[in-house]
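Asker: Fold the following.
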Amino acid sequence: MKWLETDTENCSVRRTLDLVGEKWSLLILRDAFNGVRRYDDFRRHLGLSEAVLADRLRKLVAAGVLRSVPYREPGTRTRHEYRLTPKGIDLWPVLLALKQWGDTHTGDPEGPALDIRHTACGAPVRVVVQCAGDDAEVLTAREVTVTPGPGARRLP
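Answerer: Have a look, this model is predicted:
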């Protein structure tokens, strides 16, 4: 079976984009990785409507990417913070790869808005695709072979 004969309804990329591929969802996750936790802080920092923010947070919580944690400041009603789950934390390389691509191809002439460095040594962090074999070679798209996997289904 060849790629063009393959039904893509069950493709992992497609399912992931259905969940987090919308602009606001990715920006909420970016902010969550950078320490934003509270609804009002997301709203103020991102500048989106309450309805859109509430909808995206609800979807990310329902998908298990964020979890809602109640808190209450003295004299106020109970509210919720949004924390990344292990499933959400696994999206970090995806966001970092988008940032890396954006810095290269759409970046601000003055430099990146986010400077991400290894805490221990101070070196910049980058995403690479690496062979899982013994040599752990860094690869480009031209150095891999893609074939339909066990979950591939033939187009009807």
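
Asker: Give me the below-cutoff pLDDT ranges for the chain.
Answerer: Within the chain, no stretch has pLDDT under 70.

Asker: What segments of it are strands?
Answerer: Applying DSSP state E to the chain gives strands spanning 6-7, 66-71, 79-84, 129-130, 138-139, 153-154.

Asker: Just checking the distance from stretch 60-76 to the centre of its chain.
Answerer: 19 Å (C-alpha atoms, centre = their mean, to the nearest Å).

Asker: same question, stretch 70-89
Answerer: So, by C-alpha atoms, centre = their mean, the centroid of stretch 70-89 is 20 Å from its chain's centroid.

Asker: Can you give me the end-to-end span of it?
Answerer: Taking C-alpha to C-alpha, to the nearest Å, the first and last residues of stretch 70-89 lie 20 Å apart.

Asker: Name the residues of it that come out as buried.
Answerer: The neighbour-count criterion (16 or more other C-beta atoms under 10 Å) identifies 81-82, 84, 88 as the buried residues of stretch 70-89. (Each C-beta comes from the backbone N, C-alpha and C, glycine too.)
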